[in-house]
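> structure for the following, please:
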Amino acid sequence: MGIFSRTRDIIAANVTDMLDRAEDPAKMIRMIILEMEETLVEVRASAARTIADQKEMRRTIGKLEAAQVGWTEKAALALSKDREDLAKAALVEKQKAADMAAQLEGEIAELDDALLAAEEDIAKLQAKLQEARTRQNSLVKRMEGAQNRIRLREMYAGERTREAFARFEMLERRVDLAEGHAESMAMGTRSKSLEEEIAELHMGDKVEAELAALKAKAAGSVPSSASIATPKGDDDKAEG
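From the prediction side, this is the model:
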């Protein structure tokens with residue numbers, strides 16, 4: 001069952017309002033476009049049949065006009081032969097042909113009005129169809145934009161991204177452990193720092209100064225050979 005009952009419903013339809021109320025706008029717009037296209041095909045086909053009917057009617061009118069001329073000639077011939085009865089009969093047939101031609105002319109005029117209305121309907125249907133297709137393109141772009149946003153959100157906040165970053169953290173932890181192991185292997189074998197070497201220089205100066213002081217002290221406490229005196233008892237013996 002179609003969304004619209006016929007051409008007038010499509011022309012009067014508010015596509016935007018229909019889409020706003022639809023649970024599935026994308027599906028609704030596809031259905032609207034499909035029915036509009038089918039209706040447009042039907043209206044064009046109906047117009048084509050009307051045009052064909054008009055052509056046939058005009059051919060029939062041409063034949064009837066020729067028949068009228070023929071019956072007129074036959075009536076004249078009958079009168080020339082003093083056959084008034086035949087002349088009247090011929091004129092009756094001529095009138096029938098004239099009446100039928102006039103009827104067909106009236107039908108052609110009605111079909112002209114129908115074709116004019118069909119042309120207006122076709123123009124309005126095409127405008128509605130263009131509107132629906134424009135809305136469809138807009139919906140497609142909006143849908144693509146929404147899907148892109150979803151994909152981006154999944155990239156930076158989705159489960160797969162969280163798993164990837166968790167793996168990165170595990171790798172970083174392994175690298176940290178490897179670096180820590182390398183640094184621990186170098187412990188105790190590293191060269192002295194600049195500050196350590198300068199501190200050792202200061203310490204060496206202090207040791208040297210203390211050593212010199214001890215040497216000086218030791219030298220001052222030992223008597224020299226010139227100052228060594230002989231024992232007092234020995235001096236008295238010498239004097240005696």
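> distance from the longest helix along the chain to the middle of the chain?
When the chain is parsed with DSSP state H, its longest helix is helix 84-157. Relative to the mean C-alpha coordinate of its chain, helix 84-157 is positioned 35 Å out (C-alpha atoms, centre = their mean, to the nearest Å).
> quick one: average pLDDT of it?
Regarding helix 84-157, the rounded mean pLDDT is 87.
> now whichever helix or strand comes after it and helix 84-157, what's the angle there?
Sequence order places helix 159-185 as the next helix or strand after helix 84-157, per DSSP states H and E. With axes from the mean of the first three to the mean of the last three C-alpha atoms, to 10 degrees defining the directions, helix 159-185 sits at 20 degrees from helix 84-157.
> and the residue nearest to Ala101 when sequence neighbours are not counted, what does it touch?
What sits nearest to Ala101 in space, not counting adjacent residues and going by C-beta to C-beta, 6 or more residues apart in numbering, is Leu64, at 4.1 Å. All C-beta atoms are positioned from the backbone trio N, CA, C, and that covers glycine. By C-beta atoms under 8 Å, 6 or more residues apart in numbering, the residues touching Leu64 are Ala97, Ala98, Met100, Ala101, Leu104.
> make a markdown table out of those and add neighbour count and distance to Val41.
Supplementary listing: the contacts of Leu64 in a markdown table, determined by neighbours: other C-beta atoms under 10 Å; distance: C-beta to C-beta, whole Å:
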| residue | neighbour count | distance to Val41 |
| --- | --- | --- |
| Ala97 | 20 | 39 |
| Ala98 | 15 | 40 |
| Met100 | 16 | 34 |
| Ala101 | 19 | 34 |
| Leu104 | 18 | 29 |
